[in-house]
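Engineer: pasting the sequence and the predicted model now:
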Amino acid sequence: MAPIVLHAGASVAIDDALQKDFALALALVVVLSLVSDLIAARLPRTEATVTETAKQRIDAADKVLITPFFSVVGYLACRASYELRGDVQSRWHGETWASRWCGLLYCAKMFIDVPLNFYTLRDEPGKRAQMVGHHALSFVAIGCGLVVTRCGFFACLAVCSELSTPFLNNIMAIRVFGGATTPARKAFQVSSGVLLWLAYIPFRLVNFPYWLWTFFADQRLSPARTTEACTAFELAFFPAVIFLLLVLSSIWFVSITRGLVNALGGGGGKKTA
């Protein structure tokens, strides 16, 4: 495997163990996606169609997969963040089983999602730019961390933000599979909206500023183990991605809040994230 060049004069090769583990993670995500497609094909749809389009089929399968997948990845992210939180050395150079597989599974999902989002969102260029850019940048940032075995704590802390994703997916899934046509389904949709709003605050709006504060505070506290031990690419690219996610999350939170207010008031607000 050819080395990855991070900046002039610095490169790192992807070791065999990481290649094998990523291939395993990718195969697992592919299998789960195929199983989700089979399950989705047997569930009722909101809109009956004679012939289901490829876009509709991909979207339905993803709705089945996302909630359990990101619940597991979110758990691994929280566990790894807790395990590596101790000091500067563990935050910047530590790795655990949970942090490794959190990163591997997340990167495998993003590796598949980028081309799928590019295809399924082709009629929504604004949303496509946001989602493809978000997923591609996250893949590069967390993937680089896996390759250089640095900043595992920060990678997993960032992935903790995905703990809001299952609640958003529940809202979108109920629209795809039958809609909120009964009081129970309506209650499920509204409760998911409330939980999404509540999860968004700690896992995104608080988490990302805390990530940025800790990242730069560690550099001031111990430059020998941070600034001097990492490449300029890591020191600039990682916080830039988090700052972008903070901006996007703040924009999305406005839509989520409006949608929740409409839902609680009996309207049909639309949530976007």
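Structural biologist: In hand now; what should we look at? Numbering: from 1, shown residues only.

Engineer: helices of the stretch 101-250 of the chain, residue ranges please.
Structural biologist: Applying DSSP state H, counting those that start in this stretch to the stretch 101-250 of the chain gives helices spanning 125-148, 152-159, 165-176, 183-200, 207-221, 232-264.

Engineer: quick check: angle from the fourth one to helix 232-264?
Structural biologist: With axes from the mean of the first three to the mean of the last three CA atoms, to 10 degrees applied, the angle from helix 183-200 to helix 232-264 works out at 140 degrees.

Engineer: quick one: mean pLDDT for helix 183-200?
Structural biologist: Averaging pLDDT along helix 183-200 yields 91.

Engineer: numbering from 328 from now on, please.
Structural biologist: Sounds good: first residue 328 from here, last item helix 510-527.

Engineer: buried residues, that helix. List them.
Structural biologist: For helix 510-527, burial by neighbour count (16 or more other CB atoms under 10 Å) applies to F515, Q516, V517, S519, G520, L522, L523, W524, A526, Y527. Where C-beta positions appear, they are placed from N, C-alpha and C, glycine not excepted.

Engineer: and it, how far out from the chain's middle?
Structural biologist: In terms of CA atoms, centre = their mean, to the nearest Å, the centre of helix 510-527 is found 20 Å from the chain centre.

Engineer: same for that helix, what does it pack against?
Structural biologist: Counting contacts by 3 or more CB pairs under 8 Å, 6 or more residues apart in numbering; DSSP states H and E, helix 510-527 is packed against helix 492-503, helix 559-591.

Engineer: likewise the fifth one?
Structural biologist: Helices and strands touching helix 534-548, by 3+ CB pairs under 8 Å, 6+ apart, are helix 415-420, helix 479-486, helix 559-591.

Engineer: nearest to E451, of those helices?
Structural biologist: The closest of those to E451 is helix 559-591. By CB to CB, the value is 13.9 Å.

Engineer: need the contact list for the residue nearest to the spatial centre of the chain.
Structural biologist: Centroid check for the chain by CA atoms, centre = their mean gives E489 as the closest residue, at 4.8 Å. By CB atoms under 8 Å, 6 or more residues apart in numbering, the contact list for E489 reads F397, V400, G401, A404, Y433, F530.

Engineer: counting neighbours, which of those comes out on top?
Structural biologist: Greatest neighbour count in those, by other CB atoms under 10 Å, goes to Y433: 29 neighbours.

Engineer: redo the helices of the stretch 428-577 of the chain as TSV? Include distance to R427.
Structural biologist: Listed next are these as TSV, based on distance: least, CB to CB, whole Å:
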stretch	distance to R427
helix 452-475	7
helix 479-486	8
helix 492-503	21
helix 510-527	25
helix 534-548	19
helix 559-591	18
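
Engineer: so which of those is nearest A388?
Structural biologist: helix 492-503 (10.2 Å).

Engineer: let me know the angle separating that closest one from helix 510-527.
Structural biologist: Angle, helix 492-503 to helix 510-527, by the same axes, to 10 degrees: 150 degrees.

Engineer: in helix 492-503, what counts as buried?
Structural biologist: T492, P493, F494, L495, N496, N497, I498, M499, A500, I501, V503.

Engineer: and stretch 459-471, by the same measure?
Structural biologist: By 16+ other CB under 10 Å, the buried positions in stretch 459-471 come out as V459, H461, H462, A463, L464, S465, F466, V467, A468, I469, G470, C471.

Engineer: again with stretch 392-411
Structural biologist: Residues of stretch 392-411 classed as buried: 392-394, 396-397, 400-401, 403-408, 410-411 (neighbour count, 16+ other CB under 10 Å).

Engineer: output the below-cut-off pLDDT ranges for the stretch 428-577 of the chain.
Structural biologist: 506-507 (pLDDT under 70).

Engineer: pretty sure F535 sits against I569.
Structural biologist: Yes. Taking contacts as CB atoms under 8 Å, F535 lies within contact range of I569: 5.5 Å.
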